[in-house]
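Trainee: Just to be clear, the model below is a prediction. Sequence and coordinates:
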Amino acid sequence: MNWRLFRPIPWLDTRAAFVAGTPPGGALLDLGSSDGETLGHFAELRPDLRLFAADLAGRPERYPRGCEFARVDLEQQPLPWADGAMDAITCMHLVEHLRDLTLLFHEVARLLKPGGRVYFETPHPKSLSLPRLRTPASETRAGRPRGFDFTLNFHDDPTHVAIVPVERLDAGLRANGLEVCGSGISRNWVFAALHPIFMFLPPSRQKYTAQVHWLGWSAWLSARRPLPSSPP
């Protein structure tokens, strides 16, 4: 789905609603940028933003043109940008892959401008109780491969380390001087609305994407760096 469609109605997608609140021409950093699919959506929604990305195993050749990329171990290495350089930071489905979040919390707090915001998204604890879904890639239909892997149960992804409750995110960000703005369930309401249709169709990525948005598979939390206090 092209996120240009969300420009007049960003509230239909939790992530889009966050990105839409970034100041015009602002700097947005995506941590754990992976193959760049999410960054591409950000660029569709807000082509005015200056995009930055960091990941240990990212694929910057797929990122939007002009995106500045740093290959960094987010548990071991500080990020290369200056203090207060970012208006917004997104961290989508990264924390559940890390064992130590100490440096990550510190760097997020350091990089945000006063009033800057951060958005975390991670699997909800309910994902632990969902059925396992592993479709062998060797399966075929009409001579064409139809198998795929889809993370429905938390343990479907072998690189997941542990569930990170929003309470842990809350505590870590507050300890680094940030104010928590809110938390909840992440959804794209377009995909969620399609679930009653897809549930009767054969297995596909579209079907399971609609299902996870219907169920509310991901939890989110946002925080911001406080503005300086006005002098008395």
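Mentor: Ah, there it is. Residues are numbered from 1 along each chain as shown.

Trainee: So F120, which state does it fall into?
Mentor: In three-state terms, and counting by DSSP: H, G, I helix; E, B strand; the rest coil, F120 is strand.

Trainee: typed the wrong thing, it's A219
Mentor: Applying three-state DSSP to A219 yields a three-state assignment of strand.

Trainee: ok, now T209?
Mentor: helix.

Trainee: For it, which non-adjacent residue is closest in space?
Mentor: If the residues on either side of it in the chain are set aside, T209 comes closest to F191, at 5.6 Å by C-beta to C-beta, 6 or more residues apart in numbering. Every C-beta, even on glycine, is put in place using the N, C-alpha and C of the backbone.

Trainee: May I ask which helix or strand encompasses the one you found?
Mentor: helix 189-198 (DSSP states H and E).

Trainee: what's that helix in contact with?
Mentor: In this structure, residues lying in contact with helix 189-198 by C-beta atoms under 8 Å, 6 or more residues apart in numbering are M1, L12, D13, S204, Q206, K207, T209, A210, Q211, H213, W214.

Trainee: of these, buried ones?
Mentor: Buried members of the contacts of helix 189-198, counted by 16 or more other C-beta atoms under 10 Å: L12, D13, K207, T209, A210, Q211, H213, W214.

Trainee: Go ahead and confirm D83 touches L112.
Mentor: No - in terms of C-beta atoms under 8 Å, D83 does not count as a neighbour of L112; the distance is 9.1 Å.

Trainee: Among these two, which residue is more densely surrounded?
Mentor: Higher neighbour count among D83 and L112: L112, with 26 against 10, using other C-beta atoms under 10 Å.

Trainee: element containing the closest residue to W11 other than its chain neighbours?
Mentor: On the basis of C-beta to C-beta, 6+ apart, the spatially nearest residue to W11 that is not a chain neighbour turns out to be A17, at 5.1 Å. Here A17 is covered by helix 14-20, with elements defined by DSSP H and E.

Trainee: Could you report the neighbour count for A85?
Mentor: Based on other C-beta under 10 Å, the number of other residues close to A85 is 17.

Trainee: Low-confidence regions, this structure specifically.
Mentor: Along the chain, segments meeting pLDDT under 70 span 134-148, 230-232.

Trainee: can you pull the contacts of the spatially most central residue of it?
Mentor: The centre of the chain sits closest to M92, judged by C-alpha atoms, centre = their mean, with a distance of 2.0 Å. The contact partners of M92, taken as C-beta under 8 Å, 6+ apart, are R15, D30, G32, T38, Y119, F120, E121.

Trainee: Can you tell me which of these is nearest R174?
Mentor: Ranked by distance to R174 (C-beta to C-beta), these are led by F120 at 13.1 Å.

Trainee: so the closest one makes contact with S222?
Mentor: Yes - under the criterion of C-beta under 8 Å, F120 makes contact with S222 at 7.4 Å.

Trainee: between these two, which one's more packed in?
Mentor: In this comparison of F120 against S222, neighbours counted by other C-beta under 10 Å, the higher total goes to F120 at 29 against 24.
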